[in-house]
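Participant: Whatever this is, show me its structure:
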Amino acid sequence: MKTYKVGLIRVLTTEDEELLQLHGKLIESYFPMLQVVSRCIPDQPEGIHDDETFAVGVPKVVNLAVELWKEGCQAIIISCAGDPGVPEARQAVPIPVIGAGSSTAALSLFFGSHPAVLGITEDVPSGYQRIFGDRIVDNAKGDGVENVLDLMTDRGYEATMKAAAAQKEMGADVIALSCTGMSSIRIAPSIEKTVGIPVLDPVLCEGLLTLFELLRRENMED
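Facilitator: Sure thing, here's the model as predicted:
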């Protein structure tokens with residue numbers, strides 16, 4: 001089986017090797033054709049979750065994308081639902097650059113026409129807003145959830161589950177998770193079983209569209 005080397009950028013700075021590799025390992029388990037090299041940007045222990053952390057994070061993402069390309073990666077995944085640095089990295093490297101947010105939003109519309117966005121921010125991330133437009137039923141975060149670290153607590157997990165149930169009651173027919181930290185805690189299957197509508201996991205979505213784009217480009221070259 002042919003394999004592709006993919007660079008994955010985490011925007012949560014961590015020295016925990018297991019946490020750093022988690023998204024890449026998930027993608028490799030879903031798509032064995034992808035061999036993932038994971039790196040994280042420096043000096044952002046709370047990740048990217050507001051305008052300030054976004055602004056300082058984008059140049060770091062672009063620099064890391066260039067580094068991974070020079071190391072032989074055939075595609076870059078920016079594993080953050082806010083898609084920080086995606087357009088800038090696409091200008092900087094000649095290989096596919098895939099953002100978690102736009103991937104999740106695009107695939108959500110296959111499953112429903114009344115999407116809800118569930119994450120860790122007050123505002124809808126730009127990739128979701130661009131693709132969903134005025135179809136968004138609701139954008140929410142769990143009570144007390146302010147960043148990715150909050151998701152990793154029992155309280156944050158339960159608050160997120162409660163917010164998802166409320167979105168179903170509002171009329172949502174699909175939930176697009178807007179934080180890849182939710183992939184880390186593997187909450188999508190639990191939400192889907194509880195609320196009974198499709199729930200799109202950002203890491204699964206970014207992996208699928210990365211593989212699709214690699215195969216599409218290869219097919220064009222043939």
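
Participant: Now tell me what touches the lowest-mean-pLDDT helix or strand in the chain from outside.
Facilitator: Least confident element among the helices and strands of the chain, by mean pLDDT, DSSP states H and E: helix 148-151 (a mean of 80). With contacts defined as CB atoms under 8 Å, 6 or more residues apart in numbering, helix 148-151 is touched by 12, 46-47, 49, 120, 142, 144-145, 156-157, 160, 179, 181-182, 184-185, 187. C-beta coordinates here come from the backbone N, C-alpha and C atoms, glycine included.

Participant: same thing with stretch 10-22?
Facilitator: Stretch 10-22 has contacts (CB under 8 Å, 6+ apart) with 23, 38-48, 57, 61, 78-80, 84, 148, 181, 184.

Participant: how about residue 55, phi and psi?
Facilitator: The phi/psi pair for residue 55 (degrees, to the nearest 10) reads phi -60, psi -40.

Participant: Let me know the distance separating it from residue 124.
Facilitator: From residue 55 across to residue 124, the span is 18 Å (CB to CB, to the nearest Å).

Participant: out of these two, which sits in the more crowded spot?
Facilitator: The residue with more neighbours, out of residue 55 and residue 124, is residue 124; 19 against 11, by other CB atoms under 10 Å.

Participant: tell me which element the more buried one falls in.
Facilitator: Using DSSP states H and E, residue 124 sits in no helix or strand.

Participant: ok, now how distant is the residue nearest to it when sequence neighbours are not counted from residue 182?
Facilitator: Nearest non-adjacent residue to residue 124, counting by CB to CB, 6 or more residues apart in numbering: residue 139, 4.7 Å away. Noted for residue 139: a distance of 14 Å to residue 182, by CB to CB.
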